[in-house]
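Visitor: I'd like to go over a predicted model; first the sequence, then the structure.
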Amino acid sequence: MTIREALELDNSYLAGKFDVAVVGAGHAGCEAAHAAAKLGLDTILFTLSLDSLANLPCNPSIGGTSKGQLVREIDALGGIMGIMADRCAVQMRMLNRSKGPAVYSPRAQEDRSMYSIEMRHYLENLPNLTLKQAHITALLVDEDGNAAGVMTEGKAVYEAKSVVICSGTYMEARIIRGEVITESGPDGLPRSVGLSSSLNSLGVPLLRFKTGTPVRVNSNSIDFSQMTRQDGEDDIPPFSFRNEMEGKAVPPAEEQIPCWSIWTTDETRQVISENMHRSPLYSGEIKGIGPRYCPSIEDKFMRFKDKTRHQIFIEPMGRHTNEMYIQGFSTSLPEEIQEKMVKSLPGLANAKIQRVAYAIEYDLVDPLSIKASLESKIVPGLFTAGQINGSSGYEEAAAQGIVAGINAAMKVLGKKSVIIDRSQGYMGVLIDDLVTKGTNEPYRMMTSRAEYRLFLRQDNADERLTPIGHEIGLIEDDVFEKFKAKIEAIAIETERLKKTYVAPTEKLGELLDTCGQTLPKSGESLADLIKRPGVTYELLAPIDKGRKPLTRNITFACETNIKYEGYLSLEKEKIEKFKNLEKILIPEETDYNLIKGLRLEAMQKLSNMKPENVGRASRISGVSPADCEVLLVYLEQQRRRHDNG
Amino acid sequence: MYSYDDEPICACSTPAGISGIAVIRISGNGCGKLADKCSVILRSSGDYKKLSELPGYTCAFGYVKEPSTDIKVDEVIFTHFEAPHSYTGEEMVEISSHGSGAVKQEILKCLGMSGIRMAYPGEFSRRAFINGKMSLASAEAVMDVINSETERQLEAAGSLMSGKLADEINFIEHNLYDQAACLETFTEFDTEDPAEEEAKLEEVKDNLSDCHDRLSALCKGYGKGRILSERLRVALLGLPNSGKSTLLNTLTGYDRAIVTEVAGTTRDTIEVQININGIPVTLIDTAGIRETEDIVESIGIGKAFEAGRASDMIFYMVPPDMTAEEAFTGVSVIAEDCDCIIAVFSKSDAGTNPYRSEIEERFATIGITEFISISAEEEFNIDKIEDAIIDYYNELGGGASEGLLITNSRHYTKFLKATKKLAMALDALDNELGTEVCASALRACLDEIGEVTGKTVSATLADTIFSRFCIGK
């Protein structure tokens, strides 16, 4: 529908004109609106319910393996998720400590209500931003087919130069519990009706996915003595680099709320197997495709038949509620079965369920129809972010949100879009995977998806992204100055460690002995000592006289850079190669049918997807290395033809 | 790897094998300055002192030297081309040298030491094409070649390998992918059973080190594989009249065919190509050395040095009348440059060398421990000479079986890199740096292998395409 047509409808009216309209105020929408407003654009953020803004409808936790890295990246780029997560955390931990620093991942248990309240309050005070509770039912375009605004259920028409849609799991959503199916959004909220068909009528291809959430129980009804306690930690950095630089620490461990872990029992397995026929997933009622990496409990038992038990975590929902989230126990089985399943778990025999589990099905946009800037290839000026693009998870959504918000703003400002590539961040990997490979299930971030994992660490996200954030205007000058000072301190200290040689004294021998290392025959640099297994920066303190007091994040960075030097340089070599192909741009008007030598499949795929550069073309499934060579030769030939006039 | 870099490159442009002269081509802006390090100009029309100073399209007479030792390798003619007026459109140098394989190898080595890398197959043509020196019509023709290659796709990349070798590489690649997957699981998910994970990690380690051994074996086999394509070089050194020529004639004429016989490749040596037991051998006779009283000179140190250094093995002739001192002085000059020297007591029909035991003793001090007593005249022990050659060949590559020989130098380079990266992956596990660190090195290793098997995107078909214009063209 065009703006003109919308305004001709009975009872419709022009309600406002904005630079950027953001539809949906989940984690993607909040980041998008925040970024656009922060960049000085007149922005409006629509939500179905202001009371559920930035809701955590599933697990009230932020971060975790690879997701923690995403939160750090969002913060480094100038986003808000990290600041909010720090503010509302009830427990914080660093996962994967037994592994290497590349996969250290911060994770926080959040106070769900507080998170929503804090975020709303913050956005209410943000200059250039208008919050609006409304049900958006249509995307409007101008006469040329560019996104030009949105219309509410009440026929209020809002004009906007860019539109960002972050519809989460709301579009045409259905809630499924066994045989009971309700047309509803998640968590008892209304669903979004009409918007997806409006997108479809503009030619945007749609898909349908499903996801799910487990039951919540009242902690008064839980016998914690049968569970393993898991306490929080306080010797870890906050999510936000800005908090870290100001010396803000995470709350002391004793003020944090514990989580608990248990294992499913034989009875659980039995209840599930006896009732599998009532699962809508297996009866075929659910047609949406579910996430492989966050499966329902019945899925886990069905798919991993050799595993007789699965681990379950019991996690708090906040400081002002007794509600506990049963992580790893999501299901779409009927309510009466859920009751039996929960009661089969250790410590939950008398559990009082406050909210039942459900599966939810929703419409989304095929991510192959969007560009790396997250702008639609079909409707210029339309941006999408979050679950609408096929991802799963708050952090994945927020990461896309900030990129979509930035690029929606760039579009209005007439500037070049900002693209984070695969070597710069998990967010780059996430978006590149979605838009070049597509997905046939809700896409979850995983560290193994990143080919430069040693380089994409939570501790250096600022090094990778803060300069970009500062350049576009999301990072303030004073923050940037502090950042530069930190980087310089790391460089100076690393250099000092490389140049300072220590004699093979008895003292050094004793220190090295603690980690099974032998004393070198002659002097060795501190850096070479740190390279030895088990030797840390901390350990060498007694023999390192010239050491100046430095913060832990700086010494950690030095230690990591030194310890993994050889491996990091392998990755740097790979990044060089990768960047060479990313640099070779493919003109949008390229007619692949004219390229002799391309295989038919590659020709069709490339014509459909119109990749921005050869690197992206090479990652499209169905495009072989040989096809890329043909493309490279063709592009070079075109360039020369052009240069020679 | 596919990048339009303009690093200076070099390769021999004349066909492999022996010819009167050879042309070695160098291309890349700044290549003249790099080549200065290994060149000396003796005469040029404008009295230029350095190769890089020569104006475009002019020649100079001079020689190629080893940059670190300044030792003269060969007298040559240099031709300089300035960009863009050259075949590739870049600054170029052409070196016309003598045509023996040894000389060509030495010159390329000196260029390498000066910072000029070996060209990939077809790289000169690719540069010519990219720099607009090839007409569009030729470019279209190139596209046609690519077109036909594309049909064969990955097979094209693997066509240099087949049978057992391909099987072996596939096995290694698959196994490594399996281990990579396993490492990813450990990295990604928290274990529910630490003991089980530890056992599995041990298994990964075993598999990785097995693959490492296999890759190393493949790399070692390249030494042997190279000989299959480039021949085994065997030099006969010694005084005139020490029995070299008779031995040469016996070896070449003794019920086997002479493949070719070209004289005067380095003016003072004769190279004869024969097959011994199916092993392609080039016999090098340092003939024509003038007679003189000076023993060192008469052995022709210069030539001996040159031929010896480029040889895989040397037969050093010791006639009956040679003293221990004479024999030792002669052999010690070349002893360091060849790791397989066999002393041959020649003309045994004319008597036994009275100093034999002393000679054997002194030779042993410089690592020469094999001695054969022959009479070429009476064809006595000639089979021992042949056996020595066969043994040497068989021991190359750690006895790798014939089907598992890498003969392509690009493959060799890739596997060598893959082996190093795999060693790093193993180190990461041994030093408990974390499974993700191991996985990172393993992925880098797989990328290298993928460039041979065609699985890595950067494995460039264009390289295979342009490789049709063999190296240096």
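Guide: Yep, it's here.

Visitor: state the next helix or strand along the chain beyond the strand or helix carrying B:Tyr412.
Guide: Here B:Tyr412 sits within helix B:409-430, counting by DSSP states H and E. Along the chain past helix B:409-430, the next helix or strand (assigned with DSSP H and E) turns out to be helix B:435-453.

Visitor: on contacts alone, who are the packing partners of that next one?
Guide: Helix B:435-453 sits against helix A:565-582, helix B:136-158, helix B:163-188, helix B:409-430, with contacts defined as 3 or more CB pairs under 8 Å, 6 or more residues apart in numbering or on different chains; DSSP states H and E. In this view, the C-beta of every residue, glycine as well, is placed from N, C-alpha and C.

Visitor: report the angle between that helix and helix B:163-188.
Guide: 150 degrees (axes from the mean of the first three to the mean of the last three CA atoms, to 10 degrees).

Visitor: quick check: mean pLDDT of helix B:435-453?
Guide: The average pLDDT within helix B:435-453 is 87.

Visitor: off-centre distance for it?
Guide: Relative to its chain's centre, helix B:435-453 lies at 26 Å (CA atoms, centre = their mean, to the nearest Å).

Visitor: try stretch A:488-501
Guide: Taking mean C-alpha positions (CA atoms, centre = their mean), stretch A:488-501 and its chain are 34 Å apart.

Visitor: repeat that for stretch B:100-115.
Guide: Shown here is stretch B:100-115, whose average C-alpha point lies 10 Å from the average C-alpha point of the whole chain (CA atoms, centre = their mean).

Visitor: ok so, going back, right, is the helix holding B:Tyr412 up against chain A?
Guide: Yes. Applying CB under 8 Å from any CB of the partner chain, one finds helix B:409-430 in contact with chain A at B:Lys421, B:Met424, B:Ala428.

Visitor: buried only: go through the residues you listed for me.
Guide: Taking 16 or more other CB atoms under 10 Å in any protein chain shown as the criterion, what is buried in these is B:Lys421, B:Met424, B:Ala428.

Visitor: show me what contacts the second one?
Guide: The contact partners of B:Met424, by CB atoms under 8 Å, 6 or more residues apart in numbering or on different chains, come to A:Gly566, A:Tyr567, A:Leu570, B:Ala441, B:Ala444.

Visitor: how about a cut-off of 10 Å?
Guide: A:Gly566, A:Tyr567, A:Leu570, B:Leu433, B:Val437, B:Cys438, B:Ser440, B:Ala441, B:Leu442, B:Ala444, B:Cys445 (CB atoms under 10 Å, 6 or more residues apart in numbering or on different chains).

Visitor: got those residues as TSV, with neighbour count and distance to A:Pro205 columns?
Guide: Converted to TSV, the contacts of B:Met424 look like this (neighbours: other CB atoms under 10 Å in any protein chain shown; distance: CB to CB, whole Å):
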residue	neighbour count	distance to A:Pro205
A:Gly566	14	46
A:Tyr567	26	41
A:Leu570	23	39
B:Leu433	24	45
B:Val437	31	41
B:Cys438	30	41
B:Ser440	31	36
B:Ala441	26	40
B:Leu442	27	37
B:Ala444	22	37
B:Cys445	29	39
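
Visitor: and which of these is nearest B:Gly221?
Guide: The shortest separation between B:Gly221 and any of the contacts of B:Met424 is 18.5 Å, and it belongs to B:Cys445 (by CB to CB).

Visitor: gap between the closest one and B:Thr419?
Guide: For B:Cys445, the distance to B:Thr419 under the criterion CB to CB, to the nearest Å works out to 8 Å.

Visitor: what residues are shared contacts of these two?
Guide: By CB under 10 Å, 6+ apart, B:Cys445 and B:Thr419 have these common neighbours: B:Cys211, B:His212, B:Leu215.

Visitor: for these, give me TSV that also has distance to chain A.
Guide: As requested, these are exported to TSV (distance: CB to the nearest CB, whole Å):
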residue	distance to chain A
B:Cys211	17
B:His212	16
B:Leu215	16
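
Visitor: redo the residues you listed as CSV? Include neighbour count and pLDDT.
Guide: Formatted as CSV, the shared contacts of B:Cys445 and B:Thr419 follow (neighbours: other CB atoms under 10 Å in any protein chain shown; pLDDT from 0 to 100):
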residue, neighbour count, pLDDT
B:Cys211, 25, 95
B:His212, 21, 95
B:Leu215, 25, 91
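
Visitor: now the residues you listed in CSV, with secondary structure?
Guide: Below are the shared contacts of B:Cys445 and B:Thr419 laid out as CSV (DSSP: H, G, I helix; E, B strand; the rest coil):
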residue, secondary structure
B:Cys211, helix
B:His212, helix
B:Leu215, helix
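
Visitor: point out the most buried one among the helices and strands packed on helix B:435-453.
Guide: Stretch with highest mean neighbour count among the helices and strands packed on helix B:435-453: helix B:409-430 (a mean of 21; mean count of other CB atoms under 10 Å in any protein chain shown).

Visitor: returning to that earlier point: pull the most distant pair out of the contacts of B:Met424.
Guide: The distance between the two most remote of the contacts of B:Met424 (CB to CB) is 15.6 Å, for B:Leu433 and B:Cys445.

Visitor: how many neighbours does residue 333 have?
Guide: Reading this off chain A. Counted with other CB atoms under 10 Å in any protein chain shown, the neighbours of A:Leu333 add up to 27.

Visitor: was after chain B, sorry
Guide: Burial of B:Val333, expressed as a neighbour count using other CB under 10 Å, amounts to 18.

Visitor: and the residue of chain B found nearest chain A, what does it touch?
Guide: Nearest residue of chain B to chain A, counting by CB to the nearest CB: B:Gly434, 2.6 Å away. The neighbours of B:Gly434, taking CB under 10 Å, 6+ apart as the test, are A:96, A:98-104, A:454, A:564, A:567, B:183, B:186-187, B:428, B:440.

Visitor: at 8 Å what do you get?
Guide: If you count contacts by CB under 8 Å, 6+ apart, then B:Gly434 has A:Lys99, A:Gly100, A:Pro101, A:Ala102, A:Val103, B:Thr187, B:Ala428 around it.

Visitor: for the second one, which non-adjacent residue is closest in space?
Guide: Spatially, and ignoring its direct neighbours in sequence, A:Gly100 is nearest to B:Gly434 (2.6 Å; CB to CB, 6 or more residues apart in numbering or on different chains).

Visitor: I'd say B:Val204 and B:Cys182 touch.
Guide: Yes. Because the distance of 5.3 Å satisfies CB atoms under 8 Å, B:Val204 is recorded as touching B:Cys182.

Visitor: which SS class is A:Leu364?
Guide: Of the three states, A:Leu364 takes strand under three-state DSSP.

Visitor: contact partners for it?
Guide: With contact taken as CB under 8 Å, 6+ apart, A:Leu364 is in contact with A:Ser167, A:Met171, A:Leu206, A:Leu207, A:Arg208, A:Phe209, A:Gln387, A:Ile388, A:Asn389, A:Gly390.

Visitor: can you put the residues you listed in CSV and add neighbour count, distance to chain B and pLDDT?
Guide: As requested, these are exported to CSV (neighbours: other CB atoms under 10 Å in any protein chain shown; distance: CB to the nearest CB, whole Å; pLDDT from 0 to 100):
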residue, neighbour count, distance to chain B, pLDDT
A:Ser167, 30, 29, 97
A:Met171, 25, 31, 97
A:Leu206, 16, 31, 97
A:Leu207, 18, 25, 96
A:Arg208, 16, 27, 95
A:Phe209, 24, 22, 93
A:Gln387, 29, 22, 97
A:Ile388, 32, 26, 98
A:Asn389, 28, 22, 98
A:Gly390, 26, 20, 96
